[in-house]
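*Asks:* coordinates for the following, if possible.
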Amino acid sequence: MAEGKVAFELVSPERLLLSEEVEMVVVPGDEGDFGVLVRHAPMISTLRPGVIQVHDGGAVTESIFVAGGFAEVTPARCTVLAEEAVAVAEIDRAATEQRLSNAQDDLLDAKTDSEKAQAERHIAVAEAMLKAAS
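*Replies:* Numbering: from 1, shown residues only. Model (predicted):
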């Protein structure tokens, strides 16, 4: 591993999206965004819907939307297991607006607490995705 770099891996259920050594990764944790540099204290965090920013060469080199998941951090590595991940540049705004509309309809039609919670989760993801695309 290069001096001053942290190994970063982003994995979705479908595939390994990113595996490289970077200067820093900023991750949307449930308790707030956190930056990971080499020699970071070990930790595990759940993720909220938001954008992971990969920094290298003093600039953001990649911005990737994640719908949630987990991050494991060690002094040398940051691994993100994402429920869903897509590059911010590839977000289809019209499809995401439709996704939000469908989730709002599902919330209106929800009959159980479980259905309501699932619809609210889908709304939160779609709203975060739209915000990321802006």
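*Asks:* how is the protein divided into domains?
*Replies:* Annotated domains of the chain cover 6-88, 91-133 [automatic domain parsing].
*Asks:* mean pLDDT and mean neighbour count added to those, as a markdown table?
*Replies:* Glycine gets a C-beta too; all of them are placed from N, C-alpha and C. Shown next, in a markdown table, are those (pLDDT from 0 to 100; neighbours: other Cβ atoms under 10 Å):
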| stretch | mean pLDDT | mean neighbour count |
| --- | --- | --- |
| domain 6-88 | 95 | 17 |
| domain 91-133 | 93 | 15 |
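*Asks:* the longest helix anywhere in the chain packs against which elements?
*Replies:* Determined from DSSP state H, the single longest helix within the chain is helix 113-133. Where contact means 3 or more Cβ pairs under 8 Å, 6 or more residues apart in numbering; DSSP states H and E, helix 113-133 is packed against strand 50-56, strand 59-66, helix 93-109.
*Asks:* show me the one of those that comes nearest Pro13.
*Replies:* Pro13 lies closest, by Cβ to Cβ, to one member of the helices and strands packed on helix 113-133: strand 59-66, at 11.9 Å.
*Asks:* helix or strand right after that closest one?
*Replies:* strand 69-73 (DSSP states H and E).
*Asks:* next one: that next one to chain centre, how far?
*Replies:* When distances are taken as Cα atoms, centre = their mean, to the nearest Å, strand 69-73 is centred 10 Å away from the chain's centroid.
*Asks:* still on that earlier bit, touching the longest helix of the chain from outside, list them.
*Replies:* 48-51, 63, 65, 67-68, 84, 86, 88, 91, 93, 96-97, 99-100, 102-104, 106-107, 109-110 (Cβ atoms under 8 Å, 6 or more residues apart in numbering).
*Asks:* quick one: it to helix 93-109, angle?
*Replies:* Going by axes from the mean of the first three to the mean of the last three Cα atoms, to 10 degrees, helix 113-133 is angled at 160 degrees with respect to helix 93-109.
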